[in-house]
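Participant: Sequence first, predicted coordinates after that:
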Amino acid sequence: MLDHIGFKVADYAASGAFYAKVLAPLGYGLVMEVTPEMSGTDARHAGFGANGKPSFWIGTGEQPSGGVHVAFIAGSRAAVDAFHTAALAAGGRDNGAPGLRPHYHPNYYGAFVIDRDGHNIEAVCHAPGA
């Protein structure tokens, strides 16, 4: 349904490093950066994704109040576990340890962390026993 999503962060460099570490276990990485010289503004943007396609963006600028929720697809339950471990090691706060969430559906295996800006970031695997 979505092509991409993005939001503002308070510390662009620190958040960029956080997401590079957190998304690596899921097979995603930095695909593109948009500099002030490229956009003609003072804003910076970093696009993370796979196969050359940025789908998740962070950027500079005034942050809206309240956090957002973003869920990333994980190819396996082990990748969800690795995401959670990487997020905590990178400074995220636990918001739900890896595990089944059968209230969503029987195979919903997810983990949740709060990033440095208060956003609820999730990795989820929908495959049975994967």
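Facilitator: Great, that's in hand.

Participant: buried sites along stretch 19-32?
Facilitator: Buried positions in stretch 19-32, judged by neighbour count with 16 or more other CB atoms under 10 Å: 19-26, 28, 31. No exception for glycine: its C-beta is placed from N, CA and C like everyone else's.

Participant: what pLDDT, on average, does it get?
Facilitator: Mean per-residue pLDDT for stretch 19-32: 97.

Participant: Quick one: end-to-end length of it, please.
Facilitator: This stretch, stretch 19-32, spans 13 Å end to end (CA to CA, to the nearest Å).

Participant: Name the residues that touch it?
Facilitator: Under the contact criterion CB atoms under 8 Å, 6 or more residues apart in numbering, stretch 19-32 has outside partners 16, 46-50, 52-54, 56, 58, 72-75, 79, 82-83, 85-87, 89-90, 92, 113, 115, 121, 123.

Participant: Just checking, which helix or strand of the protein averages the lowest pLDDT?
Facilitator: Using mean pLDDT, DSSP states H and E, the weakest-scoring helix or strand in the chain turns out to be helix 36-39, at a mean of 87.

Participant: where in the protein is pLDDT low?
Facilitator: For the chain, the stretches with pLDDT under 70 are 1, 64, 130.

Participant: Quick one: the helices in it, in order.
Facilitator: With DSSP state H applied, the chain shows helices at 12-23, 36-39, 77-89, listed in chain order.
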